[in-house]
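Q: I would like to see how this sequence folds:
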Amino acid sequence: MRTSARNHFTGQISAVKAGAVNDEVTLRTDGGLDIVAIITHGSAAALGLAAGKPAFALVKASSVIVMVDGDATRVSTRNVVAGTVASVTKGAVNAEVVIAAPGGASIAAIITNESVDHLGLAAGKAAAALFKASSVIIGVDA
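A: Numbering: from 1, shown residues only. Okay, here's the model as predicted:
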């Protein structure tokens, strides 16, 4: 599958917590990273999501927030992936920041050049990628 989403994670569903309207779905990636998604109950049922089912998660780079020197336990977002900045590519206004996480995952974020400078982002600096569970799209192969 090819998509425009910069962040594509493959793995297996490790948990589905059903709700009346929305379900909380956890995908354990092939590298051991847990990605939490909130999707409609109808979508979870239509995809046949259950523990052990192969699936993938997509997250747009523009939905990823970058944090440095913060306490990941003090934020409301469900997905916080700590790692190291692998690269920073500046454009005219925005930059792409790629954070390498343990286990081989990498997460791309699009943030302003001003934020890159303010946070002192450069290759090798410790940083975390944050994204809301509602920003995650879950899919399965047809």
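Q: what helix or strand is the closest residue to Val136 other than its chain neighbours on?
A: Once its chain neighbours are removed from consideration, Val136 has its nearest residue in Ala37; the separation is 3.7 Å (C-beta to C-beta, 6 or more residues apart in numbering). C-beta here means a position set from N, CA and C on the backbone, and glycine is covered the same way. When elements are assigned from DSSP states H and E, Ala37 belongs to strand 34-40.
Q: Tell me the helices and strands packed up against the following helix or strand past that strand.
A: Past strand 34-40, heading to the C-terminal end, the next element that is a helix or strand (DSSP H and E) is helix 41-47. Counting contacts by 3 or more C-beta pairs under 8 Å, 6 or more residues apart in numbering; DSSP states H and E, helix 41-47 is packed against strand 22-29, strand 137-139.
Q: most tightly surrounded among those?
A: Highest mean neighbour count among these (mean count of other C-beta atoms under 10 Å): strand 22-29, with a mean of 20.
Q: ok, it: who's next to it in the sheet?
A: Listed by DSSP bridges, the sheet partners of strand 22-29 and their directions read strand 7-17 (antiparallel), strand 34-40 (antiparallel).
Q: For the last one, what is the distance to the chain centroid?
A: The reference is to strand 34-40. Its chain's C-alpha centre lies 10 Å from the corresponding centre of strand 34-40 when counted by C-alpha atoms, centre = their mean, to the nearest Å.
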